[in-house]
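**Q** sequence and predicted structure, then a few things I'm wondering about:
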Amino acid sequence: MNLNWHIVEDLIKKAQREGQFENLPGAGKPLPPDEFAHYPEDIRMVMRILKNSGHDDEAQFVKEEMGELQLQMKRATHQEKTELEKQYNQKLTQMNQLLSKKGIQTNSNAFKQYQSQIDAKLKWD
């Protein structure tokens with residue numbers, strides 16, 4: 001483990017000698033305000049990780065809407081279910097777009113597989 005840090009440290013020193021850290025964007029400018037400054041210091045990093053993984057307020061809201069639609073589909077009549085499935089698929093697409101916009105890799109096949117599992121679970125006999 002200690003050896004790995006030496007490798008990284010050597011690479012950083014080499015990059016410094018070669019001037020790779022000069023003229024970087026934002027050099028000499030103040031850092032932007034911390035959007036998580038209002039959180040206690042011990043959970044700020046957790047909030048950053050959650051946000052970077054797509055778990056921000058907007059994504060959370062869409063997830064909650066999807067959960068509510070799933071509950072409604074379980075209780076819905078056959079006629080109501082079709083419209084609810086349409087709404088759910090729209091939310092699923094919205095979530096996929098949110099994650100893509102944030103630069104988070106999404107796997108459409110995973111979404112399709114998830115949708116198939118949901119369809120099987122909610123299938124009418």
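**A** Cool, the structure landed.

**Q** so what's the residue count around Tyr88?
**A** 23 (other Cβ atoms under 10 Å). The way it works is simple: take the backbone N, C-alpha and C, and place the C-beta from them, glycine included.

**Q** find the nearest non-adjacent residue to it, please.
**A** Leu69 (4.5 Å; Cβ to Cβ, 6 or more residues apart in numbering).

**Q** could you report the pLDDT at Arg17?
**A** For Arg17, the pLDDT comes out at 95.

**Q** ditto for Lys81
**A** 85.

**Q** remind me which helix or strand it belongs to.
**A** In this structure, Lys81 sits in helix 78-101 according to DSSP states H and E.

**Q** mind giving me the packing neighbours of that helix?
**A** Applying 3 or more Cβ pairs under 8 Å, 6 or more residues apart in numbering; DSSP states H and E, one finds that helix 78-101 contacts helix 57-75, helix 108-121.

**Q** I'd like to know which of those has the weakest mean confidence.
**A** Looking at the helices and strands packed on helix 78-101, the weakest mean confidence is helix 108-121, a mean of 62.

**Q** quick one, what contacts the residue sitting furthest away from the middle of the chain?
**A** The outermost residue of the chain relative to its centre, with distances by Cα atoms, centre = their mean, is Arg17 at 36.7 Å. Residues near Arg17 by Cβ atoms under 8 Å, 6 or more residues apart in numbering: none.

**Q** so what does Ile7 have for phi and psi?
**A** The phi/psi pair for Ile7 (degrees, to the nearest 10) reads phi -60, psi -50.
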